[in-house]
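Undergrad: coords please:
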Amino acid sequence: MTTALDDLFVKTRAENRAALIAYIPAGFPSIEGCKKVIQAFVDGGVDAIEIGFPYSDPVMDGPTIQAAADQSLAQGTGAKEVFEALKVATDAGVPAVVMTYWNPIEKYGVEKFAQSISDNGGSGVITPDLTIEESAPWKDAVEKSAINPIYVVAPSTTDSRLPQVTSRCGGFIYAASLMGVTGTRTTVSSGAPDLVARIRKTSQLPIAVGLGVSTREQAKGVAGYADGVIVGSAFIKALLDAPDEATGLEAVKNLASELSLGVREGR
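TA: Numbers count the residues shown, from 1 in each chain. Prediction:
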């Protein structure tokens, strides 16, 4: 059983390019605004969409995503809105996943959460704070719902641990390009190519690099060695900096178009 995400990477590999994956928290900049952002992503040529489940105490998110999550939570965003946003993305014909910390999954019900992803056309879930040691209930749930379990590996992941984590992944492996939190940076960490090379020794799965990409040039650089380029903070910053929603949506679409060119120039 393959997901839309699995099919996407077959397609991008055949085209000899990386996939562009865009991140937006559900309910940001508003519940309806989020749906418009998803459309702007699609119009700008994004290949896949990652819907964030806004969380009050995120361990991996920098100030930009944190600000967006706070704004989203203040408007009452919960699981219902996350699944609605996911459905907007998949209805637009784009593979989509949810990124969430473990707590909201547990609160919602592990099996029920996995099934709701599947019911709304989602391909999988990225779980940044879930360790493989604590994954037994999640492993059963994702297998039952036929969705991709996506774990995050970092430069600090040891060589002995790496194959244990990558063997549990489906869809793609999320390579966090540097130690620390998300955010746009002037350069993408030099540790990213090394990490991807290490992961390649353990798995045939596609590898997507997240944390730090904000320009066409950076996207091109990462696309030279990774199968996917994940961009979040740069889109959120464009929305936060905009004087109004329409301007923000235009900025998101333009940035997506630029990054979309970048991932195609990488090889």
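Undergrad: helices along the protein, start to end?
TA: Counting by DSSP state H, the segments of the chain that form helices are 4-14, 31-43, 63-74, 79-91, 102-108, 110-119, 136-145, 162-166, 191-200, 216-223, 233-241, 245-265.
Undergrad: return the set of buried residues in the fourth one.
TA: For helix 79-91, the neighbour count (16 or more other CB atoms under 10 Å) marks 79, 81-90 as buried. Bear in mind the C-beta positions are built from the backbone N, C-alpha and C, glycine included.
Undergrad: mind giving me JSON lines with these and columns for distance to Ser116 and pLDDT?
TA: Below are these laid out as JSON lines (distance: CB to CB, whole Å; pLDDT from 0 to 100):
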{"residue": "Ala79", "distance to Ser116": "8", "pLDDT": "97"}
{"residue": "Glu81", "distance to Ser116": "12", "pLDDT": "97"}
{"residue": "Val82", "distance to Ser116": "9", "pLDDT": "98"}
{"residue": "Phe83", "distance to Ser116": "5", "pLDDT": "98"}
{"residue": "Glu84", "distance to Ser116": "11", "pLDDT": "98"}
{"residue": "Ala85", "distance to Ser116": "12", "pLDDT": "98"}
{"residue": "Leu86", "distance to Ser116": "9", "pLDDT": "98"}
{"residue": "Lys87", "distance to Ser116": "10", "pLDDT": "98"}
{"residue": "Val88", "distance to Ser116": "15", "pLDDT": "98"}
{"residue": "Ala89", "distance to Ser116": "14", "pLDDT": "98"}
{"residue": "Thr90", "distance to Ser116": "12", "pLDDT": "98"}
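Undergrad: out of those residues, which is nearest to Gly266?
TA: Nearest to Gly266 among the buried residues of helix 79-91: Ala89, at 24.0 Å, using CB to CB.
Undergrad: can I get the helices of the chain in CSV with distance to Tyr151?
TA: Shown next, in CSV, are the helices of the chain (distance: least, CB to CB, whole Å):
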stretch, distance to Tyr151
helix 4-14, 14
helix 31-43, 24
helix 63-74, 19
helix 79-91, 19
helix 102-108, 12
helix 110-119, 15
helix 136-145, 10
helix 162-166, 5
helix 191-200, 11
helix 216-223, 19
helix 233-241, 21
helix 245-265, 23
